[in-house]
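Novice: Structure of the sequence below:
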Amino acid sequence: MQTTSPNIRAVAGRPEQAQSDNTSSRSPLATALALAAMSLGLGVVQLDITIVNTALSSIGASLGGSVAELQWVVTAYTIAFAAFILTAGALGDRLGAKRIFMAGFAIFTLASLACALAPSAVFLIVARSVQGLAAAILVPNSLTLLNHAYADPKERGRAVGFWAAGASVALTAGPFVGGVLIALVGWRSIFLVNLPIGAAGLWLAWRYAEETPRLSQREIDLPGQTVAVTALGTLAGALIEGGRLGWSHPLVIVGFAAAAVVGFLFVWREARAPQPMLPLSLFAHRMFALTALVGVLFNIAFYGLIFVLSLYFQNIRGWSPFATGLAFVPMMAMVLPANLVAASVSERLGAPQTIALASVITAVGCVALLPMASDTSYWTIGAQLLVLGGGLGLLVPPLTSTLLGSVDKSRSGIAAGVLNATRQTGSVLGVALFGSLVGGGNEFIAGAHASLVISVAVLLAGAIAISYGRAREPR
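Specialist: Coordinates of the predicted model:
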């Protein structure tokens with residue numbers, strides 16, 4: 001299936017015409033600034049995934065709330081992010097990725113202001129859900145803009161590396177930035193910081209990003225979207241409340257049963273919809289399916305552990321938000337260099353082998369954290385945060401490039417949506433499950449150990465799956 005080049009523009013009254021090379025008529029500076037807008041879009045989304053972790057104790061003290069309610073402050077964002085991202089990708093395909101990307105930035109900025117002004121925990125959770133919806137709009141469309149801007153696979157791989165580098169730094173810098181802002185201004189400032197980022201991203205996108213072709217035949221699967229939100233929300237709720245009410249509580253059992261039924265209905269619906277939000281045919285490609293699986297498994301471990309470690313530093317060690325933020329600096333320090341070398345490592349080892357290596361490295365860091373106790377030296381923990389940050393930085397660029405390279409460019413929006421939906425689903429499950437394991441005060445350390453064991457298992461499962469699947473790929 002042939003696609004139209006994204007570089008389409010009217011020239012002095014002449015008919016619009018496609019350029020064979022969409023970068024030939026653009027200056028390097030304009031291309032770099034467009035990439036900066038895409039990176040800001042992903043970066044602000046990733047920042048708000050982790051920046052809240054250092055504010056959990058402050059939010060709880062200010063607005064009230066148990067560990068379960070604080071989980072909802074984190075999880076409401078990622079549920080909306082994961083559940084709406086597929087529809088957002090399809091919307092960008094239909095109406096133009098630039099237009100939808102800018103709308104997402106505007107909504108995200110306004111929702112951040114609402115979070116900063118939240119008078120209650122319930123209001124904050126609702127505003128975080130709107131933030132998550134905007135995040136779902138930003139991420140796939142930023143990647144669609146990038147994919148259309150760089151036609152050459154090597155150039156696209158390098159661009160993805162820079163795109164991911166900024167986002168990964170924002171992700172891992174979140175706890176530190178949050179700690180500094182809370183110490184200086186208060187917890188509400190962690191949301192206000194998004195306002196200048198949003199303004200800069202909107203201006204750069206409007207000025208330098210080029211619109212993508214519109215696929216007017218692309219429909220929006222509203223029934224599938226409704227079922228997806230219900231399935232993910234029900235599953236996350238059952239996991240969160242399981243830690244509070246007990247796993248044998250009737251409401252928890254009903255929640256898991258409902259999630260299973262609705263999940264089955266989602267698959268049934270998508271298999272029969274004329275234009276599904278999740279085309280199951282994409283998973284017929286081995287590497288597409290495997291990269292999506294690794295995305296789920298890696299995020300269960302990584303995001304779940306950030307939540308656990310944030311509570312450990314504040315509730316068990318009694319550290320301030322600022323000290324907690326400083327504790328995550330080693331992780332932040334490793335992500336950017338690992339992102340930047342990921343493309344070179346992938347060229348030498350191959351992308352699947354690099355993905356497997358990153359998963360194994362992260363698993364080793366989790367194993368080294370298993371002796372963690374309430375009085376463990378920070379230097380022991382900090383050394384493993386270096387390892388975790390290196391694993392994340394090494395994983396994201398080849399994971400993204402491999403998935404995008406496995407589908408036709410015309411489906412890049414929905415492919416980007418699938419990757420990020422699966423990854424954020426992993427984030428939802430990780431925070432919900434690990435939070436439920438450590439929620440019981442005196443049993444925190446035992447719950448943290450269980451979380452680490454689960455992390456090792458899922459990370460190694462991902463490494464084995466993609467290594468085995470790559471070995472069976474047709475040559």
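Novice: any idea how far stretch 376-395 is from the chain center?
Specialist: 19 Å (C-alpha atoms, centre = their mean, to the nearest Å).
Novice: Spatially central residue (nearest the centroid) of this protein, please.
Specialist: For the chain, Q424 is the residue whose C-alpha lies nearest the centre (C-alpha atoms, centre = their mean; 5.0 Å).
Novice: Can you point out the buried residues in the longest helix that the chain contains?
Specialist: In the chain, with assignment by DSSP state H, the single longest helix is helix 153-184. Under the neighbour-count criterion of 16 or more other C-beta atoms under 10 Å, helix 153-184 has 156-183 buried. (C-beta placed from N, C-alpha, C; glycine too.)
Novice: Against which helices or strands is that helix packed?
Specialist: helix 28-50, helix 121-149, helix 189-192, helix 321-327, helix 329-349, helix 378-405 (3 or more C-beta pairs under 8 Å, 6 or more residues apart in numbering; DSSP states H and E).
Novice: For I240, list the residues it contacts.
Specialist: A68, Q71, W72, T75, A432, G435, S436 (C-beta atoms under 8 Å, 6 or more residues apart in numbering).
Novice: now A205
Specialist: Contacts of A205 (C-beta under 8 Å, 6+ apart): A34, A37, M38, G41, K98, F101, M102, F105.
Novice: so it sits in a helix?
Specialist: Yes - looking at A205 with DSSP: H, G, I helix; E, B strand; the rest coil, it is inside a helix.
Novice: Tell me the pLDDT of the residue nearest to it when sequence neighbours are not counted.
Specialist: Leaving aside its sequence neighbours, A205 sits nearest to A37 (C-beta to C-beta, 6 or more residues apart in numbering; 4.2 Å). As predicted, A37 sits at a pLDDT of 87.
Novice: got it, and F191?
Specialist: 94.
Novice: Give me the pLDDT for N299.
Specialist: Looking at N299, its pLDDT reads 91.
Novice: element containing it?
Specialist: Using DSSP states H and E, N299 maps to helix 286-311.
Novice: what comes up buried for that helix?
Specialist: So helix 286-311, judged by 16+ other C-beta under 10 Å, has buried residues 287-311.
Novice: cool, stretch 197-210 as well?
Specialist: Under 16+ other C-beta under 10 Å, the buried positions of stretch 197-210 are I197, G198, G201, L202, L204, A205, Y208, A209, E210.
Novice: same check, this time on stretch 221-234
Specialist: Neighbour count says stretch 221-234 has D221, G224, Q225, V227, A228, V229, T230, A231, L232, G233, T234 buried, by 16+ other C-beta under 10 Å.
Novice: from the residues you listed, which is closest to V367?
Specialist: L232 (29.9 Å; C-beta to C-beta).
Novice: ok, the residue lying closest to the closest one once chain neighbours are set aside to G41 distance?
Specialist: Once flanking residues are discounted, L232 sits nearest to A83: 5.0 Å by C-beta to C-beta, 6+ apart. Going from A83 to G41 by C-beta to C-beta, to the nearest Å gives 19 Å.
Novice: more neighbours, those two?
Specialist: Counted by other C-beta atoms under 10 Å, A83 and G41 do not tie: G41 has more neighbours, with 35 against 27.
Novice: dump the residue contacts of that one.
Specialist: Contacts of G41 by C-beta under 8 Å, 6+ apart are F101, G104, F105, L138, V139, N141, S142, G201, A205.
Novice: now F84: how far from V130?
Specialist: Relative to V130, and taking C-beta to C-beta, F84 is found at 11 Å.
Novice: Which one's more surrounded, these two?
Specialist: F84 (25 against 19).
Novice: Just after the helix or strand that one falls within, pick out the following helix or strand.
Specialist: Using DSSP H and E, F84 maps to helix 67-95. Per DSSP H and E, the first helix or strand lying C-terminal to helix 67-95 is helix 97-116.
Novice: quick one: low-confidence parts of the stretch 301-450 of the chain?
Specialist: 408-413, 439-442 (pLDDT under 70).
Novice: Tell me the pLDDT of P175.
Specialist: 78.
Novice: Wait, it touches N53, no?
Specialist: Yes - contact status for P175 versus N53: in contact at 5.6 Å, counting by C-beta atoms under 8 Å.
Novice: Now do the shared contacts for those two.
Specialist: In contact with both P175 and N53: I306, S310, T324, using C-beta under 8 Å, 6+ apart.
Novice: Take the residues you listed and lay them out in a markdown table including distance to L192.
Specialist: Formatted as a markdown table, the shared contacts of P175 and N53 follow (distance: C-beta to C-beta, whole Å):
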| residue | distance to L192 |
| --- | --- |
| I306 | 22 |
| S310 | 20 |
| T324 | 20 |
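Novice: Looking at those, spot the one nearest I79.
Specialist: Among the shared contacts of P175 and N53, and counting by C-beta to C-beta, the member closest to I79 is I306, at 16.9 Å.
Novice: who's in contact with that closest one?
Specialist: Counted by C-beta under 8 Å, 6+ apart, I306 has contacts T50, N53, P175, F328.
Novice: what angle sits between the host helix or strand of V428 and helix 28-50?
Specialist: Assigned by DSSP H and E, V428 belongs to helix 412-438. Here the directions of helix 412-438 and helix 28-50 differ by 30 degrees (axes from the mean of the first three to the mean of the last three C-alpha atoms, to 10 degrees).
Novice: buried ones in helix 412-438?
Specialist: Those buried within helix 412-438 under the rule 16+ other C-beta under 10 Å are 412-438.
Novice: As CSV, the contacts of I240 with distance to L452 would be great.
Specialist: What follows is those, written out as CSV (distance: C-beta to C-beta, whole Å):
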residue, distance to L452
A68, 21
Q71, 18
W72, 24
T75, 20
A432, 17
G435, 14
S436, 15
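Novice: Show me the two of the residues you listed that sit farthest apart.
Specialist: Every pair of those checked by C-beta to C-beta; the farthest is W72 and S436, at 12.1 Å.
Novice: that older thread, can you flag which of the buried residues of stretch 221-234 belong to helices?
Specialist: Per DSSP H, the buried residues of stretch 221-234 map to helices at G224, Q225, V227, A228, V229, T230, A231, L232, G233, T234.
Novice: Kind regards, and thank you for your time.
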